[in-house]
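>>> Need coordinates for the following:
(chains A and B)
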Amino acid sequence: MSVVPASVKPKPAVAALDVPRGRSRWWDREAPLAYLFMVPGALLLILFMAYPFGLGIYLSLTDKMVGFADFDFIGLENYQYLLRDRVFHQTVVNTFVYGFVTVPFKLVLGLGLALVLNQRFRLSSAIRAGLLLPWIVPTAISSLAWLMLFDPVLSPISWVLREWGLITQNVNFLGDRVNAMASLCLANVWRGIPFFAISILAGLQAVPQELHEAAALDGASSWQRFRSVTLPTIRTIVVIATLFSIIWTFADFQLIYVLTKGGPANGTHVFGTYAYQTMGYSALGQAASVALSMFPFLAIFAALLLRQLRSED
Amino acid sequence: MTDPRVTRLLDEATKLRLSRRSILRRGTALGLSAAAVSPILAATGKAAPARAPFSIRQERSLNILQATYFVPEGQEAFTRLATDWGGQNNVSVTTDYVAWPDLQPRIAAAVEGGAGADVIEMWDTWPYLYQENMVPVQELAETVGERYGGYYEWVPLTAAVDGQWYSVPHGSSSVAYAYRISLLEEAGLADPKNNFPKTYEELFAVGKTLKEMGKPLGQALGQSLGDPPAFAYAYMWSYGAMEREEDGTTIAFNKPEFVEGMNTFIQAWGDAYDETGLSWDDGANNRAFLSDQISATINGSSIYLAAQGAAEGASTLDYEVQVDPADIWHAAYPAGPAGQFCQLGSRSHAAMSYSANQEAAVEFLDHFYQEDVFIPWLEAQKGYLIPMAPGYAENEMYTGDPTLAPYPAVSSYARNKGYAGPADQKAAEASARYIVVNAFAQAVQNGDAQAAIEQAASQLERVYGG
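Next up, the predicted model:
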């Protein structure tokens, strides 16, 4: 047993600060410091998100034309126009079809891929890294590759099918409304699978191995272990990835613009491409109203996302 | 009598000792042309010649924005002439070429941001959209017009704004039917060089045989600015319809004779055309023709010129050209019951008013339209751009190769977008919404001519405010 001399008092664990009790400096308190750290982020958000968003709302209530200094406040006229605009109605339907057809495919295929990649096998790390490629390659570039694949004249897919004698005319990938939407969905699914796969893979790696072992000892089959052990553990990450994907798919522009520009006959317009087309005749106010029309839908999805996150807390 | 605006500007320039740039800006604000401002520049104390001995020679700069050329030699010629002029005038010149669909977004960004290219190539209807950002060039445009014998009627209707010039026109890429002589002969057409179908119905009949031979007709009907409207507007007029009447607001699109014509086209689309055309843009029909997939299509002379280049071993294409240029011929548009028509809109060059280099921009335009510069530039494009005035229509580039003869001839039966009104802001909206083109695309997809025309008519109604 060691003896501490009476004259030696133990030092405090933290060096004493030369601050009178009750008069700590403001940056030593958590709340002001937290606000201080938030300032750069908040400024950036205000500058690059809130201000353009507010400006967008304002412009959507005007008849502003690009290049003309004078414009008038016209209230909800642009939105009233959209309510009677058949192309806009079609745009809304197209956006929902595009969003709700692709996301389930991305989810299921991404989940399957993640389950495969969660196994240890040769080159698994390299394959995991390679899997990210469709996600990493800029969309504009990968869209050009799809454009080449779907080309009405020089498509390699059509060429192979012709060589095999399966078709006599090139496949009409983008010249038929249904085919065009299916082609867009295919390209979107290809691009979106890695996001699901990597997100879910991260979740899978957090599943405690002991739970699997215990379930196996209790005689659970692979499917039972997947349903009762794996799925509940990755549920949160699946929901979050799905909601993010819906939001991104709704707001898609590049893929559709490169492949179809909204055609044929407006058959594949989504909010982004229709807003861009509206800008073609300089109607900035009207284009803003088209773009902002997707906001209520995105807000609902975002609210669902936040609710889910809170409930998981 | 002197223009009071000139007197006022001269007074201001003298009293306030305005710089050359300020005088130009003020002149623009007063709506004065470059030619009207130039005597003031010369007369005022701060004009460049007077200051020259004392000033350090400053290099000016000029950025020129155009759409990509379908004839690459023309693009090279333009870059060369612009940089040569810059070298001679101590102006640092840069030239940018963007894909056709990207030109207008670039212009929109520039005018809204108040910064961008100093000289921009405008297409028909755009001067109406961007006039507030273009330097008035009334005198220069009129001088150029007079130099070449006066503009064709379709030129001021598509490049001027209610008779006022904010850009100087330089003609247009033209359209005609490009076709394969051998294939039409095989389809039973005697002497195809001189016997191309004179009506759409005759064309569709030959097209049916051609499609049975595996070489259908080709027509772009995608959402693109060149070939799809070149066909759709012409066909609409040939079957008695138009976007609006002369009053500018009454829609004349939903006509029984046009519904009948559309039904004929729906039938022909299945019988005679390559049905992938619904997704074609302005380049896809070139690829289809040169890859031996189709027998005829509406196009500029670029198909023929590309085939010539390939035959000479100088192809600039990234695919194999399988067609001999000697097998290609061109013909004028067929006619419909209401006559023979085609759609034309002049392109033009504008000096932008937001530019700090307006003076150099106007000087460049003045130089560019001089005969010894302008004509060689057109010649480099081998007749791809048709004349905006008759003064050089007899040039060898248009008459030297008989297969290209139908291209300049379209001026005699041309109408503009927005007809029977001008190619104004509303015509720009109807065009950008692809209302006329999509009426055709929808009709052939749904097989219901009446419904497609009614829907398009209601869209036109909203645009033109009828």
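
>>> Low-confidence bits of the stretch 351-466 of chain B, can you list those?
B:466 (pLDDT under 70).

>>> what sits opposite B:Ala296 in the beta ladder?
B:Tyr179, B:Leu217 (DSSP bridges).

>>> Return the residues in contact with it.
Each residue near B:Ala296 by C-beta atoms under 8 Å, 6 or more residues apart in numbering or on different chains is listed here: B:Tyr177, B:Ala178, B:Tyr179, B:Arg180, B:Leu183, B:Leu184, B:Gly207, B:Leu210, B:Leu217, B:Gly218. Placement of C-beta: from N, CA and C, glycine included.

>>> For chain A, what's its nearest residue on the stretch 1-150 of chain B.
B:Val111 (4.0 Å; C-beta to the nearest C-beta).

>>> Can you show me the CA trace of the helix or strand hosting that residue as CSV?
Here B:Val111 sits within helix B:100-113, counting by DSSP states H and E. Provided in CSV are the C-alpha atoms of helix B:100-113 (Å, rounded to 0.1, in the frame of the first residue of the first chain):
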residue,chain,number,x,y,z
TRP,B,100,-26.6,23.2,-81.8
PRO,B,101,-28.8,22.5,-78.8
ASP,B,102,-26.3,24.1,-76.4
LEU,B,103,-26.0,27.5,-78.2
GLN,B,104,-29.2,29.0,-76.9
PRO,B,105,-28.6,28.0,-73.2
ARG,B,106,-25.1,29.7,-73.5
ILE,B,107,-26.7,32.8,-74.9
ALA,B,108,-29.4,32.8,-72.1
ALA,B,109,-26.7,32.5,-69.4
ALA,B,110,-24.6,35.2,-71.0
VAL,B,111,-27.5,37.8,-71.3
GLU,B,112,-28.9,37.0,-67.8
GLY,B,113,-25.4,37.2,-66.2
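
>>> I figured B:Ile40 hits B:Leu9, correct?
Yes - B:Ile40 is within contact range of B:Leu9, at 5.6 Å (criterion: C-beta atoms under 8 Å).

>>> Could you tell me which residues of the stretch 151-300 of chain B lie near chain A?
B:214, B:221-224, B:274-281, B:284, B:287-288, B:291, B:293 (C-beta under 8 Å from any C-beta of the partner chain).

>>> A:Trp159: neighbouring residues, count only.
Residues lying near A:Trp159 (other C-beta atoms under 10 Å in any protein chain shown) number 13.

>>> Which strands and helices lie in contact with the helix or strand harbouring A:Tyr81?
Assigned by DSSP H and E, A:Tyr81 belongs to helix A:77-83. With contacts defined as 3 or more C-beta pairs under 8 Å, 6 or more residues apart in numbering or on different chains; DSSP states H and E, the packing partners of helix A:77-83 are helix A:284-292.

>>> neighbouring contacts of the helix or strand just after the helix it packs on?
Next along the chain after helix A:284-292, taking DSSP H and E as the criterion, comes helix A:295-312. Applying C-beta under 8 Å, 6+ apart, the external contacts of helix A:295-312 come out as A:Thr95, A:Thr236, A:Val239, A:Ile240, A:Leu243, A:Phe244, A:Ile246, A:Ile247, A:Phe250, A:Ala251.

>>> Reformat those residues as JSON lines; add secondary structure.
What follows is the contacts of helix A:295-312, written out as JSON lines (DSSP: H, G, I helix; E, B strand; the rest coil):
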{"residue": "A:Thr95", "secondary structure": "helix"}
{"residue": "A:Thr236", "secondary structure": "helix"}
{"residue": "A:Val239", "secondary structure": "helix"}
{"residue": "A:Ile240", "secondary structure": "helix"}
{"residue": "A:Leu243", "secondary structure": "helix"}
{"residue": "A:Phe244", "secondary structure": "helix"}
{"residue": "A:Ile246", "secondary structure": "helix"}
{"residue": "A:Ile247", "secondary structure": "helix"}
{"residue": "A:Phe250", "secondary structure": "helix"}
{"residue": "A:Ala251", "secondary structure": "coil"}
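
>>> hmm, back to that, now a ChimeraX select for only the buried ones of the residues of the stretch 151-300 of chain B next to chain A.
Selection of buried members from those for ChimeraX, criterion 16 or more other C-beta atoms under 10 Å in any protein chain shown:
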select /B:221,222,223,224,274,275,276,277,278,279,280,281,284,287,288,291,293
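
>>> Just the ones of the residues of the stretch 151-300 of chain B next to chain A in helices?
Mapping these onto helices (DSSP state H) picks out B:Ala284, B:Arg287, B:Ala288.

>>> which residues sit in contact with the second one?
Shown in contact with B:Arg287 (C-beta under 8 Å, 6+ apart): A:Asp151, A:Val153, A:Leu154, B:Gln293, B:Tyr319.

>>> ok, now how distant is it from B:Val436?
Distance, B:Arg287 to B:Val436, using C-beta to C-beta, to the nearest Å: 24 Å.

>>> Then the first one?
Look at B:Ala284 and B:Val436: by C-beta to C-beta, they are 19 Å apart.

>>> Low-confidence regions, the chain specifically.
Picked chain A for this. A:1-24, A:312-313.

>>> my bad, the chain I had in mind was chain B
Judged by pLDDT under 70, the stretches of chain B that qualify are B:1-2, B:4, B:8, B:12-26, B:28-31, B:33-35, B:38-39, B:41-58, B:466.

>>> before we move on, back to that, okay if I get the contacts of B:Arg287 as TSV plus secondary structure and distance to B:Pro169?
Formatted as TSV, the contacts of B:Arg287 follow (DSSP: H, G, I helix; E, B strand; the rest coil; distance: C-beta to C-beta, whole Å):
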residue	secondary structure	distance to B:Pro169
A:Asp151	coil	35
A:Val153	coil	34
A:Leu154	coil	36
B:Gln293	coil	35
B:Tyr319	coil	34
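
>>> No further questions, thank you.
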